[in-house]
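> coordinates for the following, if possible.
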Amino acid sequence: MSDIFIGRQPIYDRRQKVYAYELLFRSEQRNVAEFVDGDRATSDVIVNTFMEIGLDNIVGDKLAFINLTRAFFVDENTISLPRDRVVLELLEDIEADADVVAGVTRLRKQGYAIALDDFIYRESLQALVELADIIKIDIMALSEEEIREHVAQLRRHPLRLLAEKVETREEFELCRELGFDYFQGYFFAQPRIIRGRSLPNNRLATLKLLSRLQDPDITPGELEELIVQDVAFSFRILRYVNSAAVALPRKIDSIQQAVVILGLSALRAWTTLLAMSRIDDKPAELVVTAMIRARMAENLARARKEPDPDAYFTVGLFSALDALMDNTMEEILTQLPLADHIAEALLRHSGPHGKALKCVLAYERGDWENIHCDALDTDEIRQAYLSAVQWATSTCKALIED
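Okay, here's the model as predicted:
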């Protein structure tokens, strides 16, 4: 696992409230942008923001301004970001040629907001001015008279103006008087370094698979396709379905039949378990622990006649993800489309699912004073645990052991 860094500088509105954050490439803890390959720097910012640290962990509910190089505007297949969360910045050294204008036009039609960075007006940029939502003016590069001229020129268009590199109160007051909408610079705040931990490829791939599996709208056909793409998954799922644990009267020889026999919910749970069991350099016992927690939480829910006991299984199973991924539960949940009540149960042990998990963890640790599960007595809780252990042991042999 390696350290990753993102620079984040706030952008303020006219009331000096944070409107957005500009995300900046940083290769280490030092607060400077040192890079040779602009495309790579842009890619690193996007990957670290959306796949490693998580957008919400960096900007909360604010917008993210992201600098893009020419390649990202010209190539039709490079951009797939949440349109309502980002503003795409066109760097100042990009020439406004036909390909760039076409790329900006395409992205604008797709719903992306466009900002022109470090803008100094010249006739060749007029096509981009007409496409821009926001223009950022570097006030350090212009005299006061030139700033006024730029504002007068650009106010002819339906766009917003952002004053960047504002370093003194006098500069802020001038730009505010001239009608700038947003402000950015050291007068307000220097870029802050956000530090995260990069998941190894094996764990990152697993997290992506888990995200697909937890999509509430996944269809039986999509799940079947996901399983058959992996020969090992297919083999183990079929081995489990044909094992004594399921005890079917006839042999099942296809994943399609397995979907019908087990049902979508159950098969998704088993595939999730298989995905977790394939994480490198983690003891198999950790997966067994997750299985016991999952089944015990489900058993408690069934004993209390709670609706949707499968959700309790998911809470128990995912309670070990932080240990399996070597990451915080908060960061992991930014990449999993779990229902709010499940996420809250995992993070804060709140709600009925969280209370069940709290009981499971207390039993696991031998914390007898905190083993409570509403109306269930001690014998019922103990039976839920013993049954879970027996199930996990037999299931491991049928499902995940080589």
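
> just the element for the residue nearest to D13 when sequence neighbours are not counted, please.
Closest residue to D13 apart from its sequence neighbours, by CB to CB, 6 or more residues apart in numbering: Y19 at 4.5 Å. (Each C-beta comes from the backbone N, C-alpha and C, glycine too.) Element membership of Y19, judged by DSSP states H and E, is strand 18-26.

> so how far is D75 from the spatially most distant residue from the centre of the chain?
Here the chain reaches farthest from its C-alpha mean at E145, the gap being 44.9 Å by CA atoms, centre = their mean. With the distance defined as CB to CB, to the nearest Å, E145 ends up 40 Å from D75.

> over to D56?
Per CB to CB, D56 is found 27 Å from D75.

> go on, F318?
In terms of CB to CB, F318 sits 36 Å off from D75.

> more crowded one of those two?
Per other CB atoms under 10 Å, whichever of F318 and D75 has more neighbours is F318, with 27 against 12.

> nearest spatial neighbour of the more buried one, skipping sequence neighbours?
L346 is the one closest to F318 (CB to CB, 6+ apart), at 6.0 Å.

> so the one you found, which of the three states?
Put simply, L346 is helix when judged by DSSP: H, G, I helix; E, B strand; the rest coil.

> so who does it touch?
By CB atoms under 8 Å, 6 or more residues apart in numbering, the contact list for L346 reads 315, 318-319, 329, 333, 338, 354, 357.

> the stretch 101-250 of the chain: strands as residue ranges?
For the stretch 101-250 of the chain, the strands defined by DSSP state E, counting those that start in this stretch occupy 113-116, 134-138, 160-164, 182-184, 192-198.

> would CSV of those with mean neighbour count and mean pLDDT be doable?
Shown next, in CSV, are the strands of the stretch 101-250 of the chain (neighbours: other CB atoms under 10 Å; pLDDT from 0 to 100):
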stretch, mean neighbour count, mean pLDDT
strand 113-116, 23, 93
strand 134-138, 22, 93
strand 160-164, 22, 94
strand 182-184, 22, 93
strand 192-198, 16, 53
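
> roughly how far apart are G111 and L286?
Using CB to CB, G111 is found at 43 Å from L286.

> more neighbours: those two, which one.
Taking neighbours as other CB under 10 Å, G111 and L286 compare with L286 leading, 15 against 9.

> tell me the helix or strand right after the helix or strand the more buried one falls within.
Using DSSP H and E, the element containing L286 is helix 284-303. Once the chain leaves helix 284-303, the next helix or strand it forms, by DSSP H and E, is helix 309-318.

> report the contact partners of K136.
Neighbouring residues of K136 by CB under 8 Å, 6+ apart: 89, 115-119, 162-164, 184.

> same check, this time on L267
With contact set as CB under 8 Å, 6+ apart, L267 has these partners: 223, 227, 237, 258-259.

> I'd like the contacts of L346 as CSV, with distance to R70 appended.
As requested, these are exported to CSV (distance: CB to CB, whole Å):
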residue, distance to R70
V315, 46
F318, 41
S319, 46
M329, 39
L333, 35
L338, 38
G354, 49
L357, 49
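
> mind putting those residues in JSON lines, pLDDT included?
Formatted as JSON lines, these follow (pLDDT from 0 to 100):
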{"residue": "V315", "pLDDT": "89"}
{"residue": "F318", "pLDDT": "84"}
{"residue": "S319", "pLDDT": "88"}
{"residue": "M329", "pLDDT": "84"}
{"residue": "L333", "pLDDT": "81"}
{"residue": "L338", "pLDDT": "79"}
{"residue": "G354", "pLDDT": "92"}
{"residue": "L357", "pLDDT": "94"}
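
> of those residues - the most surrounded one?
Highest neighbour count within the contacts of L346, by other CB under 10 Å: V315, with 29 neighbours.

> can you tell me how far that one sits from A41?
Taking CB to CB, one finds V315 at 39 Å from A41.

> same question, H353
Distance of H353 to A41, given as CB to CB: 42 Å.

> so which of the two has more stuff around it?
A side-by-side neighbour count of H353 and A41, using other CB under 10 Å, places H353 first with 25 against 19.

> got any ranges where the stretch 51-200 of the chain has weak pLDDT?
Counting by pLDDT under 70, the stretch 51-200 of the chain contains low-confidence residues at 51-53, 77-79, 189-200.

> try it again at 80.
51-58, 75-80, 93, 187-200 (pLDDT under 80).

> domain-wise, how is the protein divided?
2-198, 201-399 (automatic domain parsing).
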